[in-house]
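*Asks:* this one's sequence-less:
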């Protein structure tokens, strides 16, 4: 019977320790579950709306996902490197024109023998040209810091804007229509559901790439440089090279998003490169939470939905956007993702302290019983 009591007490202690373990890790598990629910909702709800005949919401979701890819790319520089780039819209424009210009020549005779309407050719061209532009501009911009970095990246973006405006053959300021979308195996991008599926899969790939980079030694160097770059340099680490590689990867990813945007809108124009577009991307990252993996996705969703609902009430919907961004910066450190993480970490800390106290009581109850038994002169097991 004594052995049975011991087994019962051990079972209770084991159960209590399992609950304690869950409570200690609940702060990290629950935000992860929230991110997973956001992804599931983003992937499932537009498809359900499309099957219900509401094609408009599928278009909204497709635009949201494409901009989320661009925001994830910016977060790699802004969130994890601490470099506020105000010129990422240039990469979107480069990626879009990397689709539109070949299609224009294919339509009117020129590139048929090279690629036809191959989507692989378009995507590869968008990534390669964006990466090259990022390499050249990043090699110069990363020599500066702070407001100087912001201004020089915006200057490069404006240079790209005026370059596109000067291209009279491709519509100049009026833009250029894309007659045919890119062709990819097993996909028909004229089908809104296929296009959304490609964009959503690309978002998952962008998140996976960002997660892999941040968790690697490469990403740890970027985060360490953001916190204390002089100390890292004193240890012999060439932070400039790491940041340049991160900038090139970010630009290539954003250019890929631009290629998807061209296939979605079937229209490209220099307005895609305006500095205000870069400002919108920064809003998405900051509002959702910079340096958080899913922050840009949450921020993009908030941006698109607020834009839709606020624009129904007033044409001056940018004003409440600006006020909201100021409030987020002042009162929500780390954006929405940071606030959620702090909320659950506080609850986890409270639960953990309660768990530790109850565990010590449970573990101390058996010796207390034994001591009282010995005091009475009884046998103890």
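*Replies:* Looks like it came in fine. Because the structure is a prediction, the values reported are computed rather than measured.
*Asks:* going forward, measure contacts and count neighbours with C-alpha atoms only.
*Replies:* Fine.
*Asks:* ok, for residue 297, nearest residue in space, not its chain neighbours?
*Replies:* residue 68 (5.2 Å; CA to CA, 6 or more residues apart in numbering).
*Asks:* other SSEs contacting the strand or helix carrying the one you found?
*Replies:* If you go by DSSP states H and E, residue 68 is part of helix 55-78. In this structure, helix 55-78 packs against helix 2-51, helix 192-215, helix 239-265, helix 275-288, helix 295-311, with contacts taken as 3 or more CA pairs under 8 Å, 6 or more residues apart in numbering; DSSP states H and E.
*Asks:* hmm, who's touching the fourth one?
*Replies:* The list of residues contacting helix 275-288 from outside it, by CA atoms under 8 Å, 6 or more residues apart in numbering, reads 67, 70-72, 74-75, 79, 86-89, 154, 157-158, 294-300, 302-303, 325, 328-329, 334-337.
*Asks:* let's see 7 Å
*Replies:* Contacts to helix 275-288, defined as CA atoms under 7 Å, 6 or more residues apart in numbering, come from residues 71, 75, 86-89, 154, 157-158, 295-296, 298-300, 303, 325, 328, 335-337.
*Asks:* ditto for the last one
*Replies:* Applying CA under 7 Å, 6+ apart, the contact partners of helix 295-311 are 64, 67-68, 71-72, 75, 284-285, 287-289, 317, 337.
*Asks:* now render those residues as a markdown table, adding distance to residue 192.
*Replies:* As requested, those are arranged in a markdown table below (distance: CA to CA, whole Å):
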| residue | distance to residue 192 |
| --- | --- |
| 64 | 14 |
| 67 | 17 |
| 68 | 18 |
| 71 | 22 |
| 72 | 23 |
| 75 | 28 |
| 284 | 24 |
| 285 | 27 |
| 287 | 29 |
| 288 | 27 |
| 289 | 30 |
| 317 | 28 |
| 337 | 30 |
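*Asks:* between these, which is closest to residue 344?
*Replies:* Ranked by distance to residue 344 (CA to CA), the contacts of helix 295-311 are led by residue 337 at 10.9 Å.
*Asks:* neighbours of the closest one, how many?
*Replies:* For residue 337, the count of nearby residues is 27 (other CA atoms under 10 Å).
*Asks:* just checking, it touches residue 289?
*Replies:* Yes. With contact defined as CA atoms under 7 Å, residue 337 reaches residue 289; the gap is 5.2 Å.
*Asks:* circling back to that earlier point, against residue 281, how distant is the residue nearest to residue 297?
*Replies:* Separation of residue 68 from residue 281 (CA to CA, to the nearest Å) stands at 9 Å.
*Asks:* try residue 105
*Replies:* Residue 105 is 31 Å from residue 281, by CA to CA.
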